[in-house]
Structures are given as C-alpha cells and as structure tokens.
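Colleague: please find the sequence and the predicted model below.
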Amino acid sequence: MEFLFTVFLGVGLGYSVISFLLGEALQGFDADLTAGGSASPLKPSVIAAFVTVFGGAGLLLSQVVPPLTAVPLAGVVAAGVAYAFFRFVVLPLSRAENTSAVAQHSLIGHPAKVSLKIPQGKYGKITYYVDGSTYSAPAKSEDGSEILRDTRVEIVYIEQNTYYVRRAKAEGEGTDGFKHGNSNDAEDFVV
C-alpha cells in the first residue's frame, strides 16, 4: 500500500514541479472547464492537489493505522484539502481574472501604443486608454514582426490575455499603406 501512496505523491509533486518550470507552456492543459459561469473543480491543479495530498496523507496514515483504514482516511483528507484549494485559491483567482474594467471584446480595433518593444515572434507590452483610464497588457504582433516602442498600433484580437496587434494606419491612410486625403502627419493618429 505504501508503494501506491508513494506513486500518488510522486505524480502530484512531479506535476507541480513540471507546471512550475514550464509555466505558460502548460497553460493550455489547465483549461477552465466552466459550468454555469463558474470555474470547474476538475482543473488539473485541483486534481494534482488531491493526488499529492492523498499520497502524502496515505504515507503518514499508513504508519499509524491499518492500510485498509489509511486509504479512505487519506481520501477524506485529500478531498478536504482539494476542496479548500479550489474554494479559497482557484475560485477567487478565476473571478479576479474574469473581472476587468473593460470587456476585452470591446477592445478589438481599439488604438494603443507599444510601451515595451515587441520583438519578432515574442512578447512586448502595449498601453491603451479607455474612459480616461490607462491600461497596459502583454502583446504580440499579429504577423510576428517586430514593432518598436512608441509605435501606434491597433488591437486585432485577444487570446489568453495576450493582445495581438498590428501597426495602426494614420488618419487618411488607405489599405495600401499610403496616405490619402488631406492628412500629412502620421502623428494625427490619436490614442
């Protein structure tokens, strides 16, 4: 029975270490399975908490109670810890993540300014203004090209809280990239 508890503990700790080291790369595996608008307790982080605590509690309990008693007791302890983790960590973080002063879908097409250079294929930072407030967000170029600091951009779409942008056209600029009309200055574009 100790072997079983050791495996559970090892798998839980292994997942925790790997997810800590790889972080953003594993974000897709920690999908938010929503049910009725709230976060699901079946998130990998909650399951990992259960598995880890089940293994650890089982190892400890198997030293003081018979093995067949240790399994259900470890299950109860692990379920309690997983519930507390979900209730007091996952849910508040989920609510905070889903609450913002501006609905993200309303920002599509919104002007912004690059505040930290966006290297080719990598992340930078944009700043944008809504209703007199200044916001900043991580950004990538829509086409993967480099965009220098202070460049005026337009928000094209938002995916997993990353804002994908493209260089903004100055007032009077056509889709061909050349100016049309009576605007002579690219600085006419106001953020």
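Modeller: Noted; the coordinates are in hand. Numbering: from 1, shown residues only.

Colleague: okay but Gly144 is in contact with Lys122, surely?
Modeller: No: because the distance of 9.0 Å does not satisfy CB atoms under 8 Å, Gly144 is recorded as not touching Lys122. Glycine gets a C-beta too; all of them are placed from N, C-alpha and C.

Colleague: need the overlap of contacts for those two.
Modeller: The overlap between the contact sets of Gly144 and Lys122 (CB atoms under 8 Å, 6 or more residues apart in numbering) is empty.

Colleague: count residues in the vicinity of the closest residue to Leu13 other than its chain neighbours, would you?
Modeller: Using CB to CB, 6 or more residues apart in numbering and skipping residues adjacent in sequence, the residue nearest Leu13 is Thr52, 5.9 Å away. Counted with other CB atoms under 10 Å, residues neighbouring Thr52 total 22.

Colleague: contact partners for Thr52?
Modeller: Residues 8-9, 11-13, 15-16 are the ones in contact with Thr52 under the rule CB under 8 Å, 6+ apart.

Colleague: domain ranges for this structure, per the record?
Modeller: Using automatic domain parsing, the domains assigned to the chain come out as 2-98, 104-168.

Colleague: can you put the ones you listed in CSV and add mean pLDDT?
Modeller: Output for the domains of the chain, formatted as CSV (pLDDT from 0 to 100):
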stretch, mean pLDDT
domain 2-98, 84
domain 104-168, 92
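
Colleague: thought Tyr135 was touching Tyr129?
Modeller: Yes: the pair Tyr135 / Tyr129 is scored as a contact, 7.5 Å apart, by CB under 8 Å.

Colleague: need the strands for this structure, in chain order.
Modeller: Under the criterion DSSP state E, strands of the chain are mapped to 111-116, 124-130, 133-141, 152-159, 162-167.

Colleague: in CSV: the ones you listed, plus mean neighbour count.
Modeller: Shown next, in CSV, are these (neighbours: other CB atoms under 10 Å):
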stretch, mean neighbour count
strand 111-116, 19
strand 124-130, 18
strand 133-141, 16
strand 152-159, 17
strand 162-167, 20
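
Colleague: dump the ones you listed to TSV, plus distance to Ser62.
Modeller: Putting the strands of the chain into TSV (distance: least, CB to CB, whole Å) gives the following:
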stretch	distance to Ser62
strand 111-116	53
strand 124-130	51
strand 133-141	46
strand 152-159	46
strand 162-167	46
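
Colleague: nothing else from me, thank you.
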